[in-house]
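**Student:** quick one, fold the following:
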Amino acid sequence: MTKRIPRLGIGGPVGSGKSMLIEKIVPVLAAKGYCISIISNDVISKEDADRMRKNLATERGLMPENLVIGIATGGCPHTAIREDPSINISVIEEMEEKHQEIDMIIIESGGDNITTTFSPSLADYTIYIIDVAGGDKYPRKGGLGIESCDLLVINKIDLAPNVGADLKVMQNDAVKIRKEKPHVFVNCKDNTGIDNVSEHIIRDLLFDSIPKIHEIKNPKES
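**Tutor:** Residues are numbered from 1 along each chain as shown. I've put the predicted structure just below:
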């Protein structure tokens, strides 16, 4: 029997940093000995998959090139991860049959809105990513993606002063909206918060025991 490989779903609006987040966490996981596969969904092109294959496989050798797969869904982005995830499940089943060495499959959704969620038959653990450039109202607007994901990532915190976003407001609203569910502030440009995101994945999806990475303080929290 083939093993069921743990599946991580990553969703978020267009431009929020989904692909960049993947490009940052894969090296951390690879350094710890994990073998990762990536399935990148987009409506028309496979541009994100091509870029990740180049950056992670071809140039850095962090994974075999054939473990990065692009899917052009040809329709509404959330359909292929929620209403009818069969195209993704078919690819995953093939990967599980051919590549038993894989420890985790990352499924990237095409850019969509705050209602994006993954079918439980597709993803075992989900990350929803938003960015500060959208304003500090984002967390309190809620939406299924923000409210129901296992881990909320708030990206591009370096842009807060430029767009008049108050990170403390975002922090308080995230706690209020998500109750006990975790969130992490991230800046993919300088790797702020990337170790924290990786730790959540290792502990909560892969169920591996690792030394506790020092908790990164939330911005403006003293």
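
**Student:** how about the strands of this structure, start to end?
**Tutor:** 7-11, 36-42, 68-72, 104-108, 125-131, 151-155, 183-185 (DSSP state E).

**Student:** what strands flank the shortest one, and is each parallel or antiparallel?
**Tutor:** Sheet partners assigned to strand 183-185 using DSSP bridges are listed as strand 151-155 (parallel).

**Student:** separation between the nearest residue to Ser45 once chain neighbours are set aside and Leu151?
**Tutor:** Leaving out its chain neighbours, the residue that sits closest to Ser45 by C-beta to C-beta, 6 or more residues apart in numbering is Ala72, at 6.5 Å. Just so you know, the C-beta spots here come from the backbone N, C-alpha and C atoms, and that holds for glycine as well. According to C-beta to C-beta, to the nearest Å, Ala72 and Leu151 sit 27 Å apart.

**Student:** kindly report the same for Pro6.
**Tutor:** To Leu151, Pro6 is 14 Å away according to C-beta to C-beta.

**Student:** what are the buried residues along the lowest-mean-pLDDT helix or strand in the chain?
**Tutor:** None of the helices or strands of the chain scores lower by mean pLDDT, DSSP states H and E than helix 138-141, at a mean of 92. Buried positions in helix 138-141, judged by neighbour count with 16 or more other C-beta atoms under 10 Å: 138-139.

**Student:** same drill for Pro6 and Leu151, tell me which one is more crowded.
**Tutor:** A side-by-side neighbour count of Pro6 and Leu151, using other C-beta atoms under 10 Å, places Leu151 first with 22 against 17.

**Student:** these two touch, right, the more buried one and His200?
**Tutor:** Yes. With contacts counted by C-beta atoms under 8 Å, Leu151 reaches His200, the gap being 5.2 Å.

**Student:** overlap of the contact sets of those two?
**Tutor:** Common contact partners of Leu151 and His200 (C-beta atoms under 8 Å, 6 or more residues apart in numbering): 182, 184.

**Student:** rewinding a little: turn the strands of the chain into CSV, including mean pLDDT and distance to Glu83.
**Tutor:** Conversion of the strands of the chain to CSV gives the following (pLDDT from 0 to 100; distance: least, C-beta to C-beta, whole Å):
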stretch, mean pLDDT, distance to Glu83
strand 7-11, 97, 14
strand 36-42, 96, 13
strand 68-72, 96, 15
strand 104-108, 98, 15
strand 125-131, 97, 16
strand 151-155, 98, 23
strand 183-185, 98, 27
